[in-house]
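> need a structure here:
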Amino acid sequence: MAHKAEGGEATLPALGDVAALRLAGELGWRAAVEAVTRQIPAGRVLSYGDVAAVLGAPRAARQVGYALAALSPEACAQVPWWRVLRTDGSIALQGDPVRGDAQAAALRAEGVAVDGHRVDMATARWDLREALR
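Below you'll find the predicted structure:
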């Protein structure tokens, strides 16, 4: 089953199908990370580990971060990378010093409460159990 991307552009694989498509070789790692990230609703967040778990690789949180950090400027405008945080709700601030503030601003624009550079994951985390039904 497929799912329309935010804004109605390209059709994405259903969230529950992304791992199987990746494991079958139909989606590369970065494409799979992007497919999951594009489906996180505005105003909700996931951790890098949550995205990795959806992809069937629960110990690959760091690789999710690398994939999102490698997005081209064009992809950054289409893939809501700002909705992916550390497990504790903090924004990863290493690397590009401007990116953390941009991520916090993008989250606030979607109605997510950001205290400093941290989000309360208990209230903002997307319920994947519900999403994968």
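> Going by C-alpha atoms from here, please, whenever you check contacts or count neighbours.
Fine.
> Okay, Val33 and His117: tell me how far apart.
23 Å (Cα to Cα, to the nearest Å).
> More neighbours: the two, which one.
Val33 (26 against 16; other Cα atoms under 10 Å).
> Contacts only, for the more buried one.
Neighbour list for Val33: 51-52, 55, 64, 67-68 [criterion: Cα atoms under 8 Å, 6 or more residues apart in numbering].
> which of those sit farthest apart?
Leu55 and Leu68 (14.2 Å; Cα to Cα).
> Which residue ranges of this structure form strands?
2-4, 11-13, 46-47, 84-85, 114-115, 118-119 (DSSP state E).
> Parallel or antiparallel, which strands does the third one pair with?
Within its sheet, and counting by DSSP bridges, strand 46-47 is paired with strand 84-85 (parallel).
> Off-centre distance for the partner strand?
6 Å (Cα atoms, centre = their mean, to the nearest Å).
> what's the average pLDDT for that strand?
Averaged over strand 84-85, pLDDT sits at 98.
> before we move on, back to that, just the contacts of Val33 now: which is nearest Asp17?
The closest of the contacts of Val33, once distances to Asp17 are taken by Cα to Cα, is Leu55, at 9.0 Å.
> who's in contact with that closest one?
So Leu55 contacts 18-19, 22, 32-33 (Cα under 8 Å, 6+ apart).
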